[in-house]
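Turn this into a structure:
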Amino acid sequence: MACFIVPMTEAVVVTVVGQAKKAKEEANKPANSPDPESGSEKETRIPFTRKLKWLSNMLWGGSALLAFEHLWHGEVVPWFPFLTALSSPADTSAMLHEMATSGVAMAALISAVWGVMLLVVSIQEKKALKAQQAANQG
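Next up, the predicted model:
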């Protein structure tokens, strides 16, 4: 009914935090440092803001697909109150239960998958750093 609201709320929070951290990174970046996006310098570490962007994209994408599915099934309508479950107290109770169970589980699963992605990337970054250090020494 409205399980997409939970990951969407997490997506909003992650996006805001990511934008704030990105602004802070930009403010602390030296003026003469090379742009890692340009490819002029081989990057061995991925900035945390880019990793947050991955989570944000996963959450927004999943929420959009879920919202479309609910729209398709008539559970979300383009007129007030927008969620058909808000039309009666019994339906509202069922909607809140679904948000508390399915919505939280989906948001947690997406975050867990992102955590595994970070673990894999961390391992790859360490391998790249070791290879770079070996190349510099040899």
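
Name the residues of the helix or strand Val116 falls within that come out as buried.
Element membership for Val116, per DSSP states H and E: helix 104-137. For helix 104-137, the neighbour count (16 or more other Cβ atoms under 10 Å) marks 106-107, 110, 114 as buried. To be clear about C-beta, it is placed using only N, CA and C from the backbone, and glycine gets the same treatment.

what's the distance between it and the middle of its chain?
Centroid separation for helix 104-137 versus its chain: 16 Å, with Cα atoms, centre = their mean, to the nearest Å.

Run a quick check on Val17 versus Leu55, I expect a contact.
No. Between Val17 and Leu55 there is no contact, the gap being 9.8 Å when judged by Cβ atoms under 8 Å.

Those two: which has the busier surroundings?
Leu55 (22 against 14; other Cβ atoms under 10 Å).

outside of the helix or strand hosting that one, which residues touch it?
Taking DSSP H and E as the definition, one finds Leu55 inside helix 48-72. Helix 48-72 is contacted by residues 1-4, 7-8, 10-11, 14-15, 17-18, 21-22, 25, 76, 106-107, 110-111, 113-114, 117-118, 121 when judged by Cβ atoms under 8 Å, 6 or more residues apart in numbering.

Ok, stretch 76-91 next?
For stretch 76-91, contacts defined as Cβ under 8 Å, 6+ apart pick out 1-2, 67, 70, 74-75, 92, 94-95.

That stretch: which residues count as buried?
Neighbour count says stretch 76-91 has 76, 83-85 buried, by 16+ other Cβ under 10 Å.

One more: stretch 13-27?
14-15, 18, 22.

Show the average pLDDT along it.
Taken as a whole, stretch 13-27 carries a mean pLDDT of 94.
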